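In: heads up, no residue letters with this:
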């Protein structure tokens, strides 16, 4: 099969050369319009059509320029000529993904593994792709195969944790995430997953894991936000406000932070401060439906019905079919009548 394909490929190249005399002027014109890098890559392939690296390099060129179909054609040529090269295999699989051909991406990696049975990177990729394709059993099998190659591979445990999380087996999910951070104490995403899962079951250990994630990435909005939201959900409202404000000092244009601070002030019965923060959120993001709704709600709590209706109407303009907003307006207008 390989021989016949390659002969076909050579015949194709020969046929291109045979037409060169008739199309010489057109080719020269096209050649002049080509970017220098592409013209150079084309020349290298013309001179050495069996050199896999040249096809790989041209594939990368096309990929970087957003021409994924042409990039894939060259990627396939590269892996056909040298299926043992890990970079070629990964490039081909990534291009299949770019073209939403997930099964082909997985199959390309499977072929790569057949030629590189001990390569951990290929296993990690096929586990990841299988997971996102929701082929959980296949992903688990590959993860276990990887652990037979290297029982200390943190990525294998991480994806097993994700799989069991999606399958609602929280005990196994937590166990695998914990093993993951034992194998790699700097594994940020595993700490975040542990924090979120412990938060879900109302366990204070969540805070420890979020702080570990923040230790690894001190600039992580995700980790800092998770800490603040943990405080908010557990009625440690002042700690939540302080944490959100620390984040606001770093990013004063983050409307979601002001929204959450406003929500916290409602819990403290500080309605003026709540309204002020919701109002800032709408000024930063004029399309923030939830913030307009909450401005209306706070005005309603303060018996400022006219202002409440104005804010509810603004929210309804942004989300015309929302029943909660419609009911709020109806409630207030009926009371006025």
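Out: Received it, and whenever you're ready, just let me know what you need. Computed from a predicted model, the values in this text were never measured in an experiment.

In: Now tell me what touches stretch 140-152 from outside.
Out: Stretch 140-152 is touched from outside by 118, 120, 123-124, 126-127, 130, 153, 155-157, 159-160, 163, 183, with contacts defined as CB atoms under 8 Å, 6 or more residues apart in numbering. For the C-beta atoms, the positions are set from N, CA and C on the backbone; glycine is no exception.

In: what about the closest residue to residue 82 other than its chain neighbours, how many residues close to it?
Out: Leaving aside its sequence neighbours, residue 82 sits nearest to residue 52 (CB to CB, 6 or more residues apart in numbering; 4.0 Å). Here the count is done by other CB atoms under 10 Å, and residue 52 has 19 residues near it.

In: And residue 305, by the same measure?
Out: Applying other CB under 10 Å, we find 16 residues neighbouring residue 305.

In: for the residue lying closest to it once chain neighbours are set aside, what are its contacts?
Out: Counting by CB to CB, 6+ apart, residue 332 is the residue found nearest to residue 305 once chain neighbours are left out, at 5.3 Å. By CB under 8 Å, 6+ apart, the contact set of residue 332 is 300, 305, 308, 309, 312.

In: What's the local residue count around the fourth one?
Out: It refers to residue 309. Per other CB under 10 Å, the neighbour tally for residue 309 reads 19.

In: Make sure it is actually in contact with residue 296.
Out: Yes: with contact defined as CB atoms under 8 Å, residue 309 counts as touching residue 296 (7.3 Å).

In: which SSE is the residue nearest to residue 305 in?
Out: For residue 332, the element it lies in under DSSP states H and E is helix 323-336.

In: Just the buried positions in that helix, please.
Out: Across helix 323-336, burial judged by 16 or more other CB atoms under 10 Å covers 325, 328, 329, 332.

In: ok, and for stretch 228-241, which residues are buried?
Out: Neighbour counts over stretch 228-241 (16+ other CB under 10 Å) mark 228, 229, 230, 231, 232, 236, 237, 239, 240, 241 as buried.

In: One more: stretch 143-160?
Out: 143, 146, 147, 153, 154, 155, 156, 157, 158, 159, 160.

In: Let's see which of those end up in helices.
Out: 143, 146, 147, 154, 155, 156, 157, 158, 159, 160 (DSSP state H).

In: Tell me the spacing between the last one and residue 121.
Out: Looking back up the chat, that one is residue 160. Applying CB to CB, to the nearest Å, the value for residue 160 to residue 121 is 17 Å.

In: now what about stretch 196-208, what contacts it?
Out: By CB under 8 Å, 6+ apart, the list of residues contacting stretch 196-208 from outside reads 165, 170, 173-174, 177, 194-195, 209, 226-227, 230, 233-234.

In: By neighbour count, which of the residues you listed wins?
Out: Counting by other CB under 10 Å, top hit in the contacts of stretch 196-208: residue 177 with 28 neighbours.

In: what's downstream of the helix or strand that one falls within, the next helix or strand?
Out: In this assignment (DSSP H and E), residue 177 forms part of helix 170-183. Next along the chain after helix 170-183, taking DSSP H and E as the criterion, comes helix 188-200.

In: That following helix - what's its average pLDDT?
Out: Over the span of helix 188-200, the pLDDT mean works out to 97.

In: Report the angle between the helix or strand just after it and helix 170-183.
Out: With elements assigned by DSSP H and E, the helix or strand that comes after helix 188-200 is helix 205-216. Using axes from the mean of the first three to the mean of the last three CA atoms, to 10 degrees, one finds that helix 205-216 and helix 170-183 are set 30 degrees apart in direction.

In: Pull out the buried residues from helix 205-216.
Out: Neighbour counts over helix 205-216 (16+ other CB under 10 Å) mark 206, 207, 209, 210, 212, 213, 214 as buried.

In: what about that helix, distance to the chain center?
Out: Put simply, helix 205-216 sits 21 Å off its chain's centre (CA atoms, centre = their mean, to the nearest Å).

In: Whichever helix or strand comes after that helix packs against which elements?
Out: Downstream of helix 205-216, the next assigned helix or strand under DSSP H and E is helix 221-233. Packed against helix 221-233, as judged by 3 or more CB pairs under 8 Å, 6 or more residues apart in numbering; DSSP states H and E, are the following elements: helix 188-200, helix 205-216, helix 237-250, helix 255-267.

In: excluding its backbone neighbours, what's nearest the residue most central in space within the chain?
Out: The centroid of the chain falls nearest to residue 132 when counting by CA atoms, centre = their mean (10.7 Å). By the measure of CB to CB, 6+ apart, the closest residue to residue 132 outside its immediate chain neighbours is residue 102, 7.5 Å from it.
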